[in-house]
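Novice: Okay, here's the prediction I keep looking at, along with the sequence it came from:
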Amino acid sequence: MYKYYQPNKKDIKDKRTDCIIRALTKLTDKNWIECFEMLIPHCIELQSVPSDKVIIEAWLKDNDYKYTGISNAKGTKRPTVEKFSKANKSKTLMVVAHHCVTCEDGNYFDTWDSGQCCLYGYWTKNDK
């Protein structure tokens with residue numbers, strides 16, 4: 001089920017392209033500023049911006065998250081954000097085309113209803 005979620009207090013019209021920061025706030029239970037700041041060391045090291053895929057992947061890997069890709073074999077369809085979320089109870093960062101969103105307890109959290117987007121893969125915390 002879709003739940004409106006906007007942790008960016010400055011984005012009053014939901015027009016910013018900060019989906020990774022928003023998704024990380026839900027994933028980590030940190031606020032928007034904390035999530036932005038935790039990406040900065042990776043931005044400096046890799047000389048790129050927080051929204052760059054390489055930055056996000058580096059932070060997630062360094063913080064014990066594991067990526068699982070979704071195959072799109074001939075004759076099959078990728079699951080949608082909505083379908084995957086319904087079946088998933090743990091906090092998960094889902095990757096779709098040009099966007100990411102977090103789900104938990106069967107719900108997905110975003111500034112818009114991204115439920116019909118096809119899932120390319122997802123990040124979950126490694127069990128230790």
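Specialist: Now that the structure is in, tell me what you want to look at.
Novice: Give me the neighbour count for residue 96.
Specialist: By other CB atoms under 10 Å, the residues close to residue 96 number 20. Placement of C-beta: from N, CA and C, glycine included.
Novice: Report the contact partners of it.
Specialist: Shown in contact with residue 96 (CB atoms under 8 Å, 6 or more residues apart in numbering): 81, 114, 117, 118, 119, 120.
Novice: Please report the distance of it from residue 90.
Specialist: 18 Å (CB to CB, to the nearest Å).
Novice: Kindly report the same for residue 7.
Specialist: Distance from residue 7 to residue 90, by CB to CB: 20 Å.
Novice: Have a look at the protein and report its longest helix.
Specialist: Taking DSSP state H as the criterion, the chain has its longest helix at helix 32-46.
Novice: for it, which positions count as buried?
Specialist: Neighbour-count burial for helix 32-46 flags 32, 35, 36, 38, 39, 42, 43 (criterion: 16 or more other CB atoms under 10 Å).
Novice: Double-check the last one against residue 49; I have them as touching.
Specialist: Yes - Residue 43 is within contact range of residue 49, at 6.4 Å (criterion: CB atoms under 8 Å).
Novice: and for the two, which residues touch both?
Specialist: Looking at what touches both residue 43 and residue 49 (by CB under 8 Å, 6+ apart), the common residues are residue 55.
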